[in-house]
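Student: Coordinates for the following, if possible.
(chains A and B)
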Amino acid sequence: MSELTRRQFLKVTGLSLVGSSLALMGFSPGEALAEVREYKLTRATETRNTCPYCSVACGILMYGLGDGAKNALPSIFHIEGDPDHPVNRGTLCPKGAGLIDFVHSASRLKYPEYRAPGSDAWQRITWDDALDRISKLLKQDRDANFIAKTPDGLTVNRWLSTGMLAASASSNEAGYITQKVARSLGLLGFDNQARV
Amino acid sequence: MAQRILEPGEIETLAQRSIPRVRIPARTAVFARRAARLRHLGARAGIGDYLRFLAVLVDAQHATLQDLSVPVPTPAHIQGSTEHGMPPLQPAVWPRGDAWFETLRILGEALAAHADFPAAVAQTVSRIRRASRDWIEGQADALLQSGDEAVDAAAAPLVMASLQVHWAAYAASFAAEKVSPLDVPGVCPLCGTQPVASVVYAQPPYQGYRYLHCALCATEWHMVRVQCTRCGAVGKSIAYQSATLGANPENDGSAAQSAVRAETCEECHGYRKVLYQEKDPGVEPVADDLASLNLDLLLGERGYHRASGNPLLWQPDGN
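Tutor: Okay, here's the model as predicted:
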């Protein structure tokens, strides 16, 4: 079996070419070896993902460039349907087919922003500030409007003044956790984003 | 233009239901396409004279295959292989008989008839002609990875080319839908040989699918994209590297246009090339793999290993 591995896993070098079929048959690898100096290795990636738009969850392939180095930003230059994906078999709807413009949009939301009541300007805030503010407001609203029992004494534990729309492109497991979080708060107005 | 209204049930009928898993080589096309591609690439590649030499060899393969009759596997043999999950045309099991010696002689003559090749070509041909059958059989076993003699790298392309003609003929007797898949995606479902490279086709019904191309029988089989064809790794360990000209190929967009890329894997540090028909409609696995030798050299310098060799270019054992 060692023979097998040795032949199946080979490294191509200038030295190995000198003993190859090409050289032994009287052809010269010299030009090929010289030509190599003019070329440069460039690295591209193909990354599987799920379209973020709707609950059909089409598979996509994102084509990117970049050497994977920490200081170089990878750039996505093309997105298409994943032909191997059982849901969409390489196809995409017009919205999905335009995903590349979504990725590179100048007005794409990349971080939390806050617009104070009465103001016309958005200001950037940190994720911590955003989550603190959201949880405070949710708690305030829930404390004020939570209904534990109906007037005739029936236990309902519901919270009707807030609704929740969860994301698409979630796995079953993420959907399960979302459901647990929403229902344990007593939320009834709840949907998993599907038809946008 | 008037919209056509589909009747109930028509969408299901028109939609392609499943990925075509296997592409069987066509006797009339497999070597003809390869020879034409070798000539085309021979005009510009660094090893152009070797590619033009191989074009003559592949022409002879094409001519020999046209009226070659071979014994085809019986239904009982195919069923037996299927039951055990084995490829039916595995070289270690499937008897290759004596007929291929005649093919080897014909291919040798075709090469010897060309006076403008280097003298070593004629010498190799006559060396094979004088060689004992045992030696030739030993070489065939070594090339098909069922023997342990050292490969004679000069004779190897010629011996392999003869075997290819016969295995392509065996493979051509199969119908694609009758080929049972193996549980190992990295080897040919018909003969168990490792692929030379893979192709992502641009034409329906194969559009967007990646097929591995068998180095021996030229059968092609589907394998999911963005997955190492050697170790099966997926995700971030897979990258596509190409050899590009230009001062700044990553920024001027030329890196995105390459028709030949190496699918490199950081798990096993191996690679196999992927050809994109969308970028160049003429791509042919054996020919384009050879013509992109510069990519192999660049990757070799970075420590990447080829997952398997090219059937028409052999390196001495031990490399």
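Student: Identify the residues contacting stretch B:115-128?
Tutor: Outside stretch B:115-128, the residues that touch it by Cβ atoms under 8 Å, 6 or more residues apart in numbering or on different chains are A:24-27, B:53, B:104, B:108-109, B:111-112, B:114, B:136, B:154-155, B:158-159. From N, CA and C alone the C-beta is placed, and that goes for glycine too.
Student: Go again with 10 Å.
Tutor: Contact partners of stretch B:115-128, identified using Cβ atoms under 10 Å, 6 or more residues apart in numbering or on different chains, comprise A:21, A:23-28, B:49-50, B:52-53, B:56-57, B:104-105, B:107-114, B:135-136, B:139, B:152, B:154-159, B:162.
Student: Dump that stretch to PDB, keeping only the CA atoms.
Tutor: Extracted C-alpha coordinates of stretch B:115-128, given in PDB (Å, rounded to 0.1, in the frame of the first residue of the first chain):
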ATOM      1  CA  ALA B 115      10.100  12.100 -38.300                       C
ATOM      2  CA  ASP B 116      10.000  15.600 -36.600                       C
ATOM      3  CA  PHE B 117       9.700  14.200 -33.100                       C
ATOM      4  CA  PRO B 118      12.900  13.900 -30.900                       C
ATOM      5  CA  ALA B 119      14.900  10.800 -31.400                       C
ATOM      6  CA  ALA B 120      14.000   9.600 -27.900                       C
ATOM      7  CA  VAL B 121      10.400   9.000 -29.100                       C
ATOM      8  CA  ALA B 122      11.400   6.500 -31.800                       C
ATOM      9  CA  GLN B 123      13.900   4.900 -29.300                       C
ATOM     10  CA  THR B 124      11.100   4.500 -26.700                       C
ATOM     11  CA  VAL B 125       8.800   3.000 -29.300                       C
ATOM     12  CA  SER B 126      11.400   0.500 -30.400                       C
ATOM     13  CA  ARG B 127      12.300  -0.300 -26.800                       C
ATOM     14  CA  ILE B 128       8.600  -1.100 -26.100                       C
END
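Student: Give me the buried entries from the contacts of stretch B:115-128.
Tutor: A:21, A:23-28, B:49-50, B:52-53, B:56-57, B:104, B:107-108, B:110-112, B:136, B:139, B:152, B:154-159, B:162 (16 or more other Cβ atoms under 10 Å in any protein chain shown).
Student: now check the helix or strand harbouring A:Ile100, is it near chain B?
Tutor: Per DSSP states H and E, A:Ile100 falls inside helix A:99-104. No - Helix A:99-104 stays clear of chain B (Cβ under 10 Å from any Cβ of the partner chain), getting no nearer than 12.4 Å.
Student: Kindly export that helix (C-alpha atoms) in CSV.
Tutor: Output of helix A:99-104 as CSV, limited to C-alpha atoms (Å, rounded to 0.1, in the frame of the first residue of the first chain):
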residue,chain,number,x,y,z
LEU,A,99,-27.9,39.6,-3.9
ILE,A,100,-24.5,40.9,-5.0
ASP,A,101,-25.8,44.4,-5.0
PHE,A,102,-27.3,43.9,-1.6
VAL,A,103,-23.8,42.9,-0.3
HIS,A,104,-22.0,45.9,-1.9
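Student: Run through who's touching the helix or strand just after it.
Tutor: Remark: after helix A:99-104, the chain's next helix or strand is strand A:113-114, criterion DSSP H and E. Residues outside strand A:113-114 that contact it (Cβ under 10 Å, 6+ apart) are A:121-125, A:129-130, A:133.
Student: Just these: which are in strands?
Tutor: Among the contacts of strand A:113-114, the members falling in strands (DSSP state E) are A:123-124.
Student: Listing partners with orientation, what would you give for whichever strand or helix holds A:Phe77?
Tutor: Using DSSP H and E, A:Phe77 sits within strand A:75-81. Looking at strand A:75-81 with DSSP bridges, its partner strands are strand A:59-65 (antiparallel).
Student: Can you name the residue of the stretch 1-150 of chain B nearest to chain A?
Tutor: B:Pro118 (2.6 Å; Cβ to the nearest Cβ).
Student: for residue 178, what are its contacts?
Tutor: Let's take chain A. Taking Cβ under 10 Å, 6+ apart as the test, what A:Thr178 contacts is A:164, A:166-167, A:170, A:190, A:192.
Student: ah, I was thinking of chain B
Tutor: Here B:Lys178 is in contact with B:22, B:24, B:75, B:78, B:82 (Cβ under 10 Å, 6+ apart).
Student: Looking at those, which are in helices?
Tutor: Among these, DSSP state H puts B:75, B:78, B:82 in helices.
Student: Can you lay out those residues as JSON lines showing distance to A:Ile147 and neighbour count?
Tutor: Converted to JSON lines, the ones in helices among the contacts of B:Lys178 look like this (distance: Cβ to Cβ, whole Å; neighbours: other Cβ atoms under 10 Å in any protein chain shown):
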{"residue": "B:Pro75", "distance to A:Ile147": "73", "neighbour count": "8"}
{"residue": "B:Ile78", "distance to A:Ile147": "70", "neighbour count": "17"}
{"residue": "B:Thr82", "distance to A:Ile147": "65", "neighbour count": "16"}
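Student: Out of those, which comes closest to B:Leu68?
Tutor: Closest to B:Leu68 out of the ones in helices among the contacts of B:Lys178 is B:Ile78 (20.5 Å), distances taken as Cβ to Cβ.
Student: Quick check: phi and psi at the nearest residue to B:Gln203 once chain neighbours are set aside.
Tutor: Excluding the flanking residues, the one nearest B:Gln203 by Cβ to Cβ, 6 or more residues apart in numbering or on different chains is B:Gln277, at 7.3 Å. Main-chain torsions, B:Gln277, degrees, to the nearest 10: phi -60, psi -30.
Student: The residue of the stretch 1-150 of chain B closest to chain A: neighbour count?
Tutor: 15 (other Cβ atoms under 10 Å in any protein chain shown).
Student: try B:His222
Tutor: 21.
Student: ok, the residue nearest to it when sequence neighbours are not counted - how many residues close by?
Tutor: Nearest residue to B:His222, sequence neighbours excluded (Cβ to Cβ, 6+ apart): B:Arg21, at 5.0 Å. B:Arg21: 17 surrounding residues under other Cβ under 10 Å.
Student: And for the one 3 residues further on?
Tutor: The burial metric for B:Ile24, expressed as a neighbour count using other Cβ under 10 Å, is 21.
Student: Might you report the residue contacts of it?
Tutor: Here B:Ile24 is in contact with B:30, B:168, B:171-179, B:190, B:217-220 (criterion: Cβ under 10 Å, 6+ apart).
Student: In strands only, show me these.
Tutor: Those of the contacts of B:Ile24 lying in strands (DSSP E): B:Glu220.
Student: Show me how chain A divides into domains.
Tutor: A:2-38, A:44-104, A:124-192 (automatic domain parsing).
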